[in-house]
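Colleague: need coordinates for the below:
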Amino acid sequence: MADPDSAMDSMTFRSTLPHTLAVLALLAVVLLWPRAELRDSLPTRVVVPPPCRLERDRCRADIADGRQVLLSLMPRPVPAGTPFRALLQLRGFDAEEAALEFDGVDMSMGVYREALRRDASGQWSAAVTLPVCVTGAMRWNARLFVVTRSERLELPFRLQTGSAQAAAPAS
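Modeller: Numbers count the residues shown, from 1 in each chain. Got it, this is the predicted structure:
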């Protein structure tokens, strides 16, 4: 014979479960929304690094007060249509988020955005695959976004992918 109290507890649990889940979801939105809104309201500072061939070298930008951003892509030269690794190192400061955004210089290929993830050593990285252009070479605007507690940094770079990268300037 079934225990009436046990059956009642089961029915109460089933009837309150959707409400409990809704309250938990609402609580998550309330707790996480201000963080996203705060991040979007941070002042953005564009930092233009010295001229650099990102497809050939590690690029460095000095921010201020001894802070530096170092960005490199591996392998070099950067292949088109196959994955490559973006490596970001921050010196003298920490970040909460970092992302790279790519769009074509001479041909619209859409905007590709890749979030970088921080490893245990503090280095940020991401695997990136950009589409192949029919000409075999493609020039890209690359923008690095670094979000700290007090500001959003935006650093513009240029790079070229594909077979003609050794001969073509990355202006």
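
Colleague: give me the helix or strand of this structure that scores worst on average pLDDT.
Modeller: For the chain, counting by mean pLDDT, DSSP states H and E, helix 4-40 ranks last in confidence among helices and strands (a mean of 57).

Colleague: quick one: low-confidence parts of the chain?
Modeller: Scanning the chain for pLDDT under 70 picks out the ranges 1-14, 17-40, 163-171.

Colleague: can you show me the strands along it?
Modeller: Assigned by DSSP state E, the chain shows strands spanning 44-46, 59-62, 68-74, 84-91, 97-104, 111-115, 117-118, 124-128, 137-147, 152-162.

Colleague: make TSV out of those and add distance to residue 53 and mean neighbour count.
Modeller: C-beta: built from backbone N, CA, C; applies to glycine. Converted to TSV, the strands of the chain look like this (distance: least, CB to CB, whole Å; neighbours: other CB atoms under 10 Å):
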stretch	distance to residue 53	mean neighbour count
strand 44-46	20	11
strand 59-62	8	18
strand 68-74	10	19
strand 84-91	15	18
strand 97-104	16	18
strand 111-115	20	13
strand 117-118	25	14
strand 124-128	17	17
strand 137-147	12	21
strand 152-162	8	20
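
Colleague: make CSV from the ones you listed and add distance to residue 52 to it.
Modeller: Output for those, formatted as CSV (distance: least, CB to CB, whole Å):
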stretch, distance to residue 52
strand 44-46, 16
strand 59-62, 4
strand 68-74, 9
strand 84-91, 14
strand 97-104, 15
strand 111-115, 19
strand 117-118, 23
strand 124-128, 17
strand 137-147, 11
strand 152-162, 7
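
Colleague: count the neighbours of the closest residue to residue 66 other than its chain neighbours for me.
Modeller: Excluding the flanking residues, the one nearest residue 66 by CB to CB, 6 or more residues apart in numbering is residue 92, at 4.8 Å. Burial of residue 92 is recorded as 12 neighbouring residues (other CB atoms under 10 Å).

Colleague: pretty sure residue 92 sits against residue 69.
Modeller: No. The pair residue 92 / residue 69 is not scored as a contact, 9.7 Å apart, by CB atoms under 8 Å.

Colleague: list residues touching both of the two?
Modeller: Each of residue 63 lies in contact with both residue 92 and residue 69 under the rule CB atoms under 8 Å, 6 or more residues apart in numbering.

Colleague: bridged to residue 162, which residues?
Modeller: Residue 162 has these beta-bridge partners by DSSP bridges: residue 137.
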